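Colleague: This is the structure alone, sequence omitted:
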């Protein structure tokens with residue numbers, strides 16, 4: 001393995017400590033991170049369109065000269081600055097507008113040539129580009145870009161565009177990538193075995209990285225994308241194939257599936273289990289009765305009752321003398337599960353709560369009681385993965401909202417026991433064929449039925465002009481003694497989006513639409529203790545309406561909340577909107593999800609219509625995938641599969657299947673990756689997933 005690739009980017013030409021710190025924000029720390037930081041899109045600058053041919057609602061790249069620039073204050077918003085630059089070519093001129101970025105005025109000079117990329121909109125009867133991306137180019141290099149010249153990175157070709165932190169321009173970043181490729185490309189070792197590359201007609205690594213950043217042509221870019229996607233799928237599938245191979249030979253726990261603890265719990269539930277819950281629990285019990293480790297994925301829509309099924313599985317393990325552990329992504333959710341299961345189990349089992357916000361003294365007590373076996377069920381967050389957490393006799397691992405955890409993370413917790421059973425849960429439905437391919441090491445169960453007594457949530461859409469009418473519904477619900485949520489997409493004020501910040505919205509609602517009601521404010525930047533205090537006050541009805549960001553997306557359960565308003569609903573993905581909607585209507589009362597939105601692109605309009613028409617999570621997921629594709633559905637920011645930076649599981653399903661076949665074939669012939677052609681692959685796998693060392697070396 002070439003150690004120089006893991007050197008900090010700080011030492012590269014053109015970076016230094018300040019830019020290195022900025023790059024860390026987008027996950028770039030080493031030279032390898034930089035080479036694998038892929039463009040988010042490409043601009044075809046070989047065919048720049050004349051201004052006269054531009055059409056409304058379309059996105060274009062143009063080349064034009066700065067003719068006029070001016071700066072003014074908004075008449076609507078005090079202190080809001082608007083910069084207007086008129087640019088033109090031989091065919092016409094167009095306005096380019098930037099909001100509250102006065103420093104940009106000094107960037108532009110009359111007569112300067114710009115490359116601009118943006119969407120054309122109509123405002124006050126004229127066409128304009130709002131906040132376009134831009135680059136300043138020199139006339140000399142622009143008129144005749146030479147192959148291999150520095151300027152040929154930016155003009156006259158298919159040009160890469162990246163998501164970059166503040167302070168780093170597209171132009172400088174492309175130059176950094178080019179310099180890095182020139183210096184380190186010869187040092188790259190292609191870890192994909194040659195026979196796999198040859199059999200699947202894949203580019204080598206060097207050719208792929210050159211053509212993903214600086215495509216020689218669209219065809220070469222596609223082949224580079226195919227190779228790098230295969231690579232990601234293959235590395236993703238290899239641990240799964242290894243684990244599936246080992247699973248056949250590993251002895252597991254044959255649990256005692258019948259017992260008073262489970263029967264007593266079911267008998268004292270304040271509701272009846274649905275047929276779907278009974279069926280899935282039956283599948284889990286069958287697995288747990290066998291002397292091989294269970295590996296099961298439980299899919300279920302929002303509010304379908306997955307937690308109850310997981311609790312029953314935990315009780316199966318506990319009644320046989322084993323411990324169970326329940327890992328969830330947030331402290332709010334961990335505390336909620338702890339309180340709910342504690343209440344439902346009526347003191348029959350000992351339960352502990354472990355989160356990072358606990359005091360060191362409290363943590364040490366949990367560690368000790370877990371190690372000694374005095375805690376039968378431990379519920380917690382990522383804090384459960386700490387080395388200090390040891391179990392006396394771990395029999396079951398439950399991982400909730402698994403898409404919030406990486407493949408590597410979900411492998412760590414079971415290693416704290418001697419081949420315990422594993423139940424992984426998700427409320428993000430995935431089409432079954434794709435789930436089988438992605439999670440080939442898991443059996444799959446689906447809860448496809450809502451609990452008895454649940455009513456469909458009334459989903460309504462209002463424009464911002466109708467906002468008063470929307471909040472009339474909220475006021476009526478609050479007057480009846482119910483509670484409500486208001487969800488807002490940003491914490492800080494956004495000048496680019498012309499949106500207030502969360503705190504401003506909270507204050508405005510308290511003085512206008514929801515005056516006289518007790519409001520609370522919560523978001524992810526608050527300290528955990530503050531979040532917990534606010535949620536407790538909300539649960540105790542001291543707060544009637546909670547104004548929040550999407551921190552409430554996962555698993556919050558306050559039964560008498562019957563109304564949710566989502567402002568700027570077009571800013572959210574469809575599956576995320578559905579997850580949020582699932583926070584209301586959890587106790588059988590008539591409930592409302594109110595979407596407030598004005599700016600409706602065709603995609604946003606399709607999402608709103610899907611929310612109005614469908615309530616089933618699997619149907620919502622299908623629509624989400626159809627409308628926006630898996631980039632949003634599987635994106636690391638929102639839905640997980642963060643191991644995949646470039647590969648797209650839905651549109652490249654055949655390539656994913658091929659990578660799975662190759663991974664399965666390879667581990668069958670060389671399970672410890674000891675053959676000469678697999679040495680570099682083994683190094684790459686362990687660098688990516690260090691926790692698999694035991695699986696590969698020890699088996």
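Modeller: That came through, no problem. Given the structure is predicted, the values throughout are model-derived calculations rather than measurements.

Colleague: Run the chain-centre distance for the longest strand along the chain.
Modeller: Longest strand in the chain by number of residues (criterion: DSSP state E): strand 59-73. Distance of strand 59-73 from its chain centroid, counting by C-alpha atoms, centre = their mean, to the nearest Å, is 35 Å.

Colleague: For that strand, buried residues please.
Modeller: By 16 or more other C-beta atoms under 10 Å, the buried positions in strand 59-73 come out as 60, 61, 62, 63, 64, 65, 66, 69. No exception for glycine: its C-beta is placed from N, CA and C like everyone else's.

Colleague: Same check on stretch 332-342?
Modeller: Here stretch 332-342 shows 332, 333, 334, 335, 336, 337, 338, 339, 341, 342 as buried, counting by 16+ other C-beta under 10 Å.

Colleague: gap between it and the chain center?
Modeller: Relative to its parent chain, stretch 332-342 has a centroid offset of 23 Å by C-alpha atoms, centre = their mean.

Colleague: picking up where we left off before, now, the buried residues of stretch 332-342 that are in helices?
Modeller: Among those, DSSP state H puts 332, 333, 334, 335, 336, 337, 338, 339, 341, 342 in helices.

Colleague: Make TSV out of those residues and add pLDDT and distance to residue 666.
Modeller: As requested, those are exported to TSV (pLDDT from 0 to 100; distance: C-beta to C-beta, whole Å):
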residue	pLDDT	distance to residue 666
332	82	42
333	84	38
334	90	39
335	88	44
336	86	43
337	91	39
338	93	43
339	90	47
341	93	42
342	92	47
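
Colleague: need those in CSV with distance to residue 241, can you?
Modeller: Formatted as CSV, those follow (distance: C-beta to C-beta, whole Å):
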residue, distance to residue 241
332, 36
333, 32
334, 32
335, 37
336, 36
337, 32
338, 36
339, 40
341, 35
342, 40
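
Colleague: Let me know the closest of those to residue 623.
Modeller: Nearest to residue 623 out of these is residue 333 (C-beta to C-beta; 26.1 Å).

Colleague: if I read this right, residue 411 contacts residue 240, doesn't it?
Modeller: No - applying C-beta atoms under 8 Å as the test, residue 411 and residue 240 come out as separate, 9.8 Å apart.

Colleague: so what does the longest helix belonging to the chain touch, helix or strand wise?
Modeller: Secondary structure assigned by DSSP H gives helix 218-249 as the longest helix of the chain. Using 3 or more C-beta pairs under 8 Å, 6 or more residues apart in numbering; DSSP states H and E as the contact test, the elements touching helix 218-249 are helix 205-213, helix 407-412, helix 653-669, helix 679-688.

Colleague: Neighbour count for residue 411 and residue 240, which is higher?
Modeller: Using other C-beta atoms under 10 Å, the more surrounded residue of residue 411 and residue 240 is residue 240, with 22 against 19.

Colleague: So that one is in contact with residue 663, correct?
Modeller: Yes - assessed by C-beta under 8 Å, residue 240 is found in contact with residue 663 at 7.5 Å.

Colleague: mind listing the helices for the stretch 251-400 of the chain?
Modeller: 260-267, 275-289, 306-319, 331-345, 360-371 (DSSP state H, counting those that start in this stretch).

Colleague: what angle do the fourth one and helix 260-267 make?
Modeller: When you say that, I think you mean helix 331-345. Our comparison of helix 331-345 with helix 260-267, counting by axes from the mean of the first three to the mean of the last three C-alpha atoms, to 10 degrees, yields an angle of 100 degrees.
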